[in-house]
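1. For reference, the sequence and a predicted model appear below.
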Amino acid sequence: MGPAGLEMESLVLTRLLAAAHLALYGWALWATRSPVMTVFHGFLAVESLAFGVRPLLAAAEGGYTLYPATAAGWAGYNRGLAYQWLFNAAVVAAYLGTWRGTAGRRPRREAGGAPEGEERPAIRGPAGIRASGTDPAVAAGFLLSLLLGVAALGAMHVLSQGAWLPGRREAAITAVVPHGKLLFPLAVIPLGACLPLAYLLLAGGPQPRPRPWRVLAVVGGTALAGVLLALLYQRGYLLNGLLVAVFLHDRLRGVDYPRAAVAVLAVLVLLGGLRPLASSLAAVAAGVGSGGADSGQRVEESAEVESGAERGTARRGPSPVRAVLLYGANFDHADVWPVALDYAAQHGWLRGATLAAVPARFLAPPARQQAGLRTAVDRLNEYYWRDFYWRTRFGFNVSLPQELYLNLGAWPLPVAGALPGLLTALCDRWLWGRRHLGVAFVYAATAAFATGGFVKEPGAVLQWSLAYLSLGTGVQAMARRLGRVGAGGGGTTA
């Protein structure tokens, strides 16, 4: 029991903790305000929405959570906000220490050398960058990425007999598609990379104005990649590709914060509108009316409906802001904390069991279940959803601090955030210090932004980072060979 109005389950405390999160991220943004597009700033944006804006909206709704009926209750929600703040404060401190310690001075965008007596910044601007849409390897990389993604999706369609389509899906793609664990990344990673590769083709570096047929081909291929990702319900890969394209623009020409804010707004609009768009596209493709039910979407979102989304919207209608930032699972990290606290209270600390199971992340869930190698995502979702999780593979994600809490308790959190902060700083230094922006760099940048600042489930970060880098290396090697063949044969590159 604390001061009046500040009990652990108090909504006033929720608002104070949310304000503390926003203050931390706002200060960190100001301290690292240049350059604009960094992995760290992506981390700050996501954490601001997940632990600042969303808790404020939840408190305004009287204490709404996507995953209710946990013994921890709203006190657990507030404890989770406090634990997350301690962890993220360590992330920010480690990033700032590494960033400032290696850069000497705040990174600047001006080309040329630093004034005499000053250390050259570790994060540099566009001086000396080699990137051109006339590079045959970039054009070949774009084409290969598009063909690889389309081919993998075609294989998924044949093997599953169309069960991956939104209107027919009643489980996750990896559950309804044979060999989905392999085919799914082969489809979504190259398709997502098509967006930043298209930017390099059309606007990358000094080049003559592209020919109209070239523009139409690139825009058409990019639109195809976007539609396929929408049909796959993979908003994350589409939005990540968009952010990497903005990052490339920042590297080449510079981006100010008003333009970055427009990009963030576009991302939020896509988060809210992409799923209904995908359902409409699937209905048109299947030749059914718009009133047809999307059973796959109902199954995937049944948790949101049963957990009270309709209760909140029945009072005053589903406002777009609440639909995206509160009732949806896009930024549900704070909602997962009470589940993690509940699990630890009932089962005790796991003492590294899920961390030891990280290599099992490369196995399909049924194989992990049979082998008894359950990851943190498996354990928490099995605890909350029971057999529904194993049957459909729908559930929520578990972040790094939540996994650490499950294994060791709260004591490591104030220091454990130093590792992702350090990795993020090194990642940003590499992204902004690289001079040649080619196909492999685009895949690596997409992998870097997908890490979210290395605060996601470690098994997922490891698995997807290796997938991005492996595919990027392979596509780059093939693109260079095709580019040399095209150049040697007198192919047109303008």
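-> Arrived safely, thanks for sending.
2. what's in contact with stretch 372-386?
-> 67, 70, 303, 336, 339-340, 342-343, 350, 353-354, 357-358, 360-361, 363, 365, 368-369, 389-390, 394-398, 402-403, 406, 457, 459-460 (C-beta atoms under 8 Å, 6 or more residues apart in numbering). (Each C-beta comes from the backbone N, C-alpha and C, glycine too.)
3. Check the offset of it from the chain's centre.
-> Averaged C-alpha coordinates place stretch 372-386 at 21 Å from its chain's average position (C-alpha atoms, centre = their mean, to the nearest Å).
4. Pull out the buried members of the contacts of stretch 372-386.
-> Buried subset of those (neighbour count, 16 or more other C-beta atoms under 10 Å): 67, 70, 303, 336, 339-340, 342-343, 350, 353-354, 357-358, 360-361, 363, 365, 368, 389-390, 394-398, 402-403, 406, 457, 459-460.
5. check contacts around the residue nearest to A450 when sequence neighbours are not counted.
-> Closest residue in space to A450, ignoring its immediate chain neighbours: N240 at 5.4 Å, by C-beta to C-beta, 6 or more residues apart in numbering. By C-beta under 8 Å, 6+ apart, the contact list for N240 reads 192, 446, 449-450.
6. Just the CA trace of the helix or strand where N240 lies, in CSV.
-> Applying DSSP states H and E as the criterion places N240 in helix 235-252. What follows is helix 235-252 as a C-alpha-only set of coordinates in CSV (Å, rounded to 0.1, in the frame of the first residue of the first chain):
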residue,chain,number,x,y,z
ARG,A,235,2.6,-6.1,-42.2
GLY,A,236,5.9,-6.1,-40.3
TYR,A,237,8.0,-7.1,-43.3
LEU,A,238,6.2,-4.6,-45.6
LEU,A,239,6.6,-1.8,-43.1
ASN,A,240,10.2,-2.7,-42.3
GLY,A,241,11.0,-2.5,-46.0
LEU,A,242,9.4,0.9,-46.1
LEU,A,243,11.5,2.1,-43.2
VAL,A,244,14.8,0.8,-44.7
ALA,A,245,13.9,2.7,-47.9
VAL,A,246,13.5,5.9,-45.8
PHE,A,247,16.9,5.1,-44.1
LEU,A,248,18.5,4.8,-47.5
HIS,A,249,17.1,8.2,-48.4
ASP,A,250,18.5,9.6,-45.2
ARG,A,251,21.9,8.2,-46.1
LEU,A,252,21.9,9.6,-49.6
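7. Now do the buried residues in it.
-> Going by 16+ other C-beta under 10 Å, helix 235-252 has these buried residues: 235, 237-252.
8. Repeat that for stretch 252-269.
-> So, applying 16+ other C-beta under 10 Å, buried residues of stretch 252-269: 252, 255, 260, 263-264, 267-268.
9. Mind checking which of these are in helices?
-> The helices, defined by DSSP state H, take in 252, 260, 263-264, 267-268 from the buried residues of stretch 252-269.
10. Including distance to L144 and pLDDT, could these go into TSV?
-> Shown next, in TSV, are these (distance: C-beta to C-beta, whole Å; pLDDT from 0 to 100):
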residue	distance to L144	pLDDT
L252	23	90
A260	30	86
A263	27	82
V264	31	81
V267	27	77
L268	32	76
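11. The residue nearest to R484 when sequence neighbours are not counted: how many residues sit nearby?
-> Spatial nearest neighbour of R484, excluding adjacent residues (C-beta to C-beta, 6+ apart): P136 at 7.6 Å. Burial measure for P136: 19 neighbouring residues, criterion other C-beta atoms under 10 Å.
12. My guess is P136 contacts L482. True?
-> Yes - with contact defined as C-beta atoms under 8 Å, P136 reaches L482; the gap is 7.4 Å.
13. show me the contacts for the closest residue to V53 other than its chain neighbours.
-> Nearest residue to V53, sequence neighbours excluded (C-beta to C-beta, 6+ apart): L325, at 5.8 Å. Shown in contact with L325 (C-beta under 8 Å, 6+ apart): 49, 53-54, 57, 268, 331.
14. next one: stretch 397-416 to chain centre, how far?
-> With C-alpha atoms, centre = their mean, you get 20 Å for stretch 397-416.
15. List the buried residues of that stretch.
-> Applying 16+ other C-beta under 10 Å to stretch 397-416 flags 397-408, 410, 412-413, 416 as buried.
16. Could you tell me which of those belong to strands?
-> Using DSSP state E, no member of the buried residues of stretch 397-416 sits in strands.
17. Show me which of those residues is closest to Y199.
-> Minimum distance to Y199 across these is 28.5 Å, recorded for N397 (C-beta to C-beta).
18. in the chain, which helix or strand is least confident?
-> Of all helical and strand segments in the chain, the minimum by mean pLDDT, DSSP states H and E falls on helix 295-304, at a mean of 32.
19. With adjacent residues omitted, what lies nearest to V461?
-> Closest residue to V461 apart from its sequence neighbours, by C-beta to C-beta, 6+ apart: T451 at 5.3 Å.
20. no, scratch that, I was asking about E403
-> Using C-beta to C-beta, 6+ apart, the nearest residue to E403 is A376, at 4.2 Å.
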